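sequence below, structure please.
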Amino acid sequence: MRKAMSLALLLLVAMFCNAQMADPVKFKSHLKTGSTAEAEIVFDGKIAHGWHVYSTNLGSDGPIEASFHVDKKDGVELVGKLTPRGHEISMMDNMFGMKLRFFENSVQFVQKVKFTKPTYTLKAYLEYGACNDEMCMPPTQVNAHFSGKSPAIDGKAAADEKSAETDDVAETLKAGGLDSSMVKAGAVDSVAIADSAAAPQLDNAEVQKLWTPVIKELAKFDKPVSNSLLYIFLAGLVGGFLALFTPCVWPIIPMTVSFFLKRNKDRKKAIREAITYGVSIVVIYVALGLIVSLLFGASALNALSTNAIFNILFCLLLVVFAASFFGAFEITLPSSWSNKIDQKSDETSGVLSIFLMAFTLSLVSFSCTGPIIGFLLVAVASEGSIVAPTIGMLGFAVALAIPFALFAMFPTLLKSAPKSGGWMNVLKVVLGFIELAFALKFLSVADLAYGWHILDRETFLALWIAIFSLLGLYLLGIFNFPHDDENRRTNVPQFFLALGSLAFAFYMIPGLWGAPLKAVSAFAPPMNTQDFNLYKNEVHPRFKDFEAGMAAARLEGKPVMIDFTGFGCVNCRKMEAAVWTDAKVADMLNNKYVLISLYVDDKTPLPEQMTVTDTDGTQRTLRTVGDKWSYLQRYKFGSNTQPMYILLDNEGKPLTGSRSYDEDINEYMDFLKVGLDNYNK
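As a prediction, the model looks like this:
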C-alpha cells in the first residue's frame, strides 16, 4: 500500500544503504612543547561535510563523547582534563532528551601534560564519536605515542610521583602481598552476557570460521545503487504525467500538434518536427536538472535535505505551492520572457525555431509545472547523488514530451482525448493537498533538530488526518476553491479518490494512541515523540556476544540476525522504536531468529587486550568489548556504520544483503522473510 501511495504522491525515492566503509573524520596528533615542564598533546581533526564529532563531558546517557585515555606513562603526568577547541555547536536532541555539543568541519582536542623525569614515555589515545543524520561511527581511537628527552622537569611533580608509586606498592602489599609482575593491564573478569552461560562453547577453529570475512558474499546480495535512480526516474515520470493534465499544459497539446500538421503538407515532416519538439522539451528540463546538480553538488544537496533551516524553507515553499494550486495566486514568470522567446521562434526556422517553441511552452506552463518540479527536486535532494536531479527531470520531461510525438503520429487519437474542463482544476487542488501534507514532513525534520516539540507524532498525525479528510470532502463536492466551477459535481473517479482519501484518514486515527501505522512510518516523527502511547511491543536481544549467540542458534537450528548498534546511536533507537515495535517484525525477531545486538561503544574492558591488523593495514589495539565488535564489523562485513542488520546462517554466511537505517516496515519484513526462506532452503 505504501509503495503505491508513494508513487502517486511523487515520492518514490528509495534509499538503499549498502554496506560500505566510511571514513568521515581525519585526525592527526602531535606533542606541542615549550621551554617549561608543561606541554600539550594536540589532536587536529578534519570533519567531512554533513558529519559532526561530539564534544567532551556529555554524560553517560548521551552519545559517544570525546575522551582521553592512557595505556602507559612514565616521566609524565596529566594536567587537567581533555579540552575541546573550535566552534562548538550546542543543540537540543529530542532522542536523547538533552542538549548535545558537537563540532562540524574541524575540531581540536587538547590534553595538557607535565614532565617529571629527564626522559618520558607516553602511550595514550583519543576516543571520539562521529555521526551524520543517517548513521553513526563506532567509537574511534587516535593513538598518541611519544617518548624522548623532556625539555624541562618539574621537581615537585617528580617527587610527588615517586611518593605516589611508593604508596601504591605499600597498598598492594597490604591488600594481599601480590607481586607487581602479576598485575596485567586489562586482566579483569569478562562481563556476563545475556544467555551466554547457557550457550555451548565453541572451539578456536569454529570461532575462526565464524570470523571469516563475507564481504564478497554480501556484495552479491546487495542491490546496486542504480535501482534507486530508476525509482527517481519513475517519480519524475509520474510528476510529468500529473503536470500534463493541468490547465497550463493539456490545452496546448492539440493546438501544437495541429500547428505542425497544418504547416507541413508532408505528414512525415510534421511527425519529425513534433518529435523534435518533444526532444527539445526533454533537453530543456534535463538541462535544468544538470544546472541544479552543478550549482549545489551531491554533498550540498544532501546537506540541504538534512539541514534544519533549509527544511523550514522547504516547508514554506511547499505551503506557497499548495496555496497557488488552491487558487490564492498564480506563480508565473515575467510575460516579457515568453513574448521574447515566442518572437524569436517566429523569426528563426528549422530546429532552432522548434526548440524556442518548446522553451516558450516551459515558460508559459510554469504556474502549473513549477510547484511539481520544485517538489520533485526537493524530494530527490535527499538521495545525495549528483545525477539524481538530472534523472528526475529526465523522467518528468519524457512524460511531457510523449503526447506531442504520439498525437502527431496518430492525429485521430486527439478526438478521443479528454476535453479541457473543470476536472483539471480539481487535479491541481488535489496536488495542493498533497504538497501541504508533505510540507509537514520537512517541518518535522526541523522540529526534531531543534527540540521544539511543536510537531510530535500525534500532532503530525492529527494534521494529516485533517488534510486527507478535507481532501476527501472536497472531492465529494462539499466545498469549492476560487477557480472551481460553481456547479461542480462529483464524478465516479473523484468518488473513488474521495473514498481512498477518507479511508486513509480513518486509518491514521489509531496512531494517535500509538499504533505503528506502517503506511506512514517513513513520514511521521519517530515513536518516541508520542506523548500518549498505549502500544507496547518491544524487542530485546537474546545475546550481546557474537560467539555465544551463534552457538545457541546452531543448537536451536535458527538463523541469526546481527544488529550492529551503539548506546549513543540515534538512528538505532529510531529503528527499534518505529520498526521493531511492529507486531509482525517483533514476532519474527523473537521467535524465528536469534537476535544478537553488538554494541560498538560498549566500554566494558576485554579480559585481555588484543592487537590486530585492521582492514587498512594499521595495527590497532582492542581494549573494550565495543572495540571487538567494531573490528568484527569491519573485518568480517566490510562496514563501520550503525545501524547495520545482517542475517546469517549457523556457519556465519549471509542469507541476504545487509540493511541499514530505513523505517519502511514492509521492506524490513521482506528482508526478514527472504533470510528465513534462504535459511530453510
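
next SSE downstream of the helix or strand of the chain with the lowest mean pLDDT?
Least confident helix or strand, the chain: helix 2-8 with a mean of 36, by mean pLDDT, DSSP states H and E. Using DSSP states H and E, the helix or strand that follows helix 2-8 in sequence is strand 25-32.

just checking: what are the partner strands of that following strand?
strand 38-47 (antiparallel) (DSSP bridges).

wait, doesn't Phe314 sit right on Ser444?
No. The criterion here is CB atoms under 8 Å, and Phe314 misses it with Ser444 at 11.2 Å. Backbone N, C-alpha and C define where each C-beta goes, glycine included.

residue contacts, Pro403?
Shown in contact with Pro403 (CB atoms under 8 Å, 6 or more residues apart in numbering): Leu244, Ile253.

stretch 529-549 - what's its average pLDDT?
Here stretch 529-549 scores 80 as its mean pLDDT.

alpha carbons of it, as CSV, please.
Coordinates of each C-alpha in stretch 529-549 appear next as CSV, following Å, rounded to 0.1, in the frame of the first residue of the first chain:
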residue,chain,number,x,y,z
THR,A,529,7.9,11.6,20.4
GLN,A,530,4.5,10.2,21.1
ASP,A,531,3.3,11.6,24.5
PHE,A,532,0.4,9.1,24.9
ASN,A,533,1.3,5.6,23.7
LEU,A,534,-0.9,2.5,24.5
TYR,A,535,1.0,0.3,22.1
LYS,A,536,3.8,-1.7,23.7
ASN,A,537,5.6,-4.4,21.8
GLU,A,538,9.3,-4.1,22.5
VAL,A,539,12.0,-6.4,21.2
HIS,A,540,15.1,-7.2,23.3
PRO,A,541,18.2,-9.1,22.0
ARG,A,542,18.8,-12.5,23.4
PHE,A,543,22.6,-12.1,23.2
LYS,A,544,25.1,-9.4,23.3
ASP,A,545,28.0,-11.7,22.4
PHE,A,546,28.7,-12.9,18.9
GLU,A,547,30.2,-16.3,19.6
ALA,A,548,27.7,-17.2,22.3
GLY,A,549,24.7,-16.2,20.2
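
buried set for that stretch?
For stretch 529-549, a neighbour-count test (16 or more other CB atoms under 10 Å) marks 529-530, 533, 539, 541-549 as buried.

you'd agree Phe460 is up against Leu440?
Yes. Assessed by CB under 8 Å, Phe460 is found in contact with Leu440 at 6.0 Å.

joint contacts of those two?
If you check Phe460 and Leu440 against CB under 8 Å, 6+ apart, no residue is contacted by both.

so what's the spatially most central residue of the chain closest to, chain neighbours aside?
Centre of the chain computed as the mean C-alpha position; nearest residue by CA atoms, centre = their mean is Glu134, 3.6 Å away. Nearest residue to Glu134, sequence neighbours excluded (CB to CB, 6 or more residues apart in numbering): Tyr661, at 5.3 Å.

pLDDT at the one you found, what is it?
83.

helix/strand/coil for it?
Per DSSP: H, G, I helix; E, B strand; the rest coil, the local secondary structure of Tyr661 is coil.

neighbours around it, how many?
22 (other CB atoms under 10 Å).

my guess is it contacts Pro643. True?
Yes. Using CB under 8 Å, Tyr661 is in contact with Pro643, at 5.7 Å.

run a quick neighbour tally on Asn571.
24.

could you check how far the residue nearest to it when sequence neighbours are not counted is from Lys574?
Distances taken as CB to CB, 6+ apart put Tyr661 closest to Asn571, at 4.4 Å, once the chain neighbours are dropped. Separation of Tyr661 from Lys574 (CB to CB, to the nearest Å) stands at 7 Å.

what mean pLDDT does the helix or strand hosting Val286 have?
Counting by DSSP H and E, the element that carries Val286 is helix 267-306. Across helix 267-306, pLDDT averages out at 69.

repeat for stretch 235-255
Here the average pLDDT along stretch 235-255 is 75.

buried residues, it. List them.
235-244, 246-250, 252-254.

phi, psi of the nearest residue to Arg85 once chain neighbours are set aside?
Closest residue in space to Arg85, ignoring its immediate chain neighbours: Gln108 at 4.3 Å, by CB to CB, 6+ apart. The phi/psi pair for Gln108 (degrees, to the nearest 10) reads phi -140, psi 130.

close enough to count as contact, Gln108 and Leu82?
No. Using CB under 8 Å, Gln108 is not in contact with Leu82, being 10.9 Å away.

the two - which one has more neighbours?
Neighbour comparison, Gln108 and Leu82: the larger count goes to Leu82, with 22 against 14 (by other CB under 10 Å).

so that one sits right up against Phe68, yeah?
Yes. Contact criterion CB under 8 Å: Leu82 and Phe68 qualify, at 4.2 Å.

overlap in contacts of the two?
With CB under 8 Å, 6+ apart, Leu82 and Phe68 have common neighbours Phe109, Gln111, Leu126.

could you measure from the second one over to Glu40?
When CB to CB is the yardstick, Gln111 and Glu40 sit 7 Å from each other.

so which of those two has more stuff around it?
Gln111 (22 against 15).

for Leu502, see how far away the more buried one is.
63 Å.

residues near Leu31, how many?
Neighbour tally, Leu31, other CB under 10 Å: 17.

can you tell me the closest non-neighbouring residue to it?
Using CB to CB, 6+ apart, the closest residue to Leu31 is Phe146 (4.8 Å).

repeat that for Glu40.
Lys32 (4.4 Å).

which parts of the stretch 551-681 of the chain are helices?
570-578, 583-587, 625-637, 665-680 (DSSP state H, counting those that start in this stretch).

for Arg554, which of the ones you listed is the nearest?
helix 665-680 (12.2 Å; CB to CB).

can you tell me what sits against the closest one?
Taking CB under 8 Å, 6+ apart as the rule, helix 665-680 contacts 2-3, 516, 518, 521, 559, 561, 578-579, 582, 584-585, 588-589, 592-593, 645, 647, 649, 655-656, 659, 662.

now, of the residues you listed, which are buried?
2, 516, 518, 521, 559, 561, 578-579, 582, 584-585, 588-589, 592-593, 645, 647, 649, 655-656, 659, 662.

how many other residues sit next to Ile312?
Count around Ile312 with other CB under 10 Å applied: 17.

hang on, it in a helix?
Yes. Ile312 forms part of a helix when assessed by three-state DSSP.

returning to that earlier point: would TSV of the helices of the stretch 551-681 of the chain with mean pLDDT and distance to Pro493 be doable?
As requested, the helices of the stretch 551-681 of the chain are exported to TSV (pLDDT from 0 to 100; distance: least, CB to CB, whole Å):
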stretch	mean pLDDT	distance to Pro493
helix 570-578	75	34
helix 583-587	88	34
helix 625-637	89	50
helix 665-680	92	27
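
could you export the ones you listed as CSV, including distance to Pro118?
Below are the helices of the stretch 551-681 of the chain laid out as CSV (distance: least, CB to CB, whole Å):
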stretch, distance to Pro118
helix 570-578, 48
helix 583-587, 63
helix 625-637, 34
helix 665-680, 62
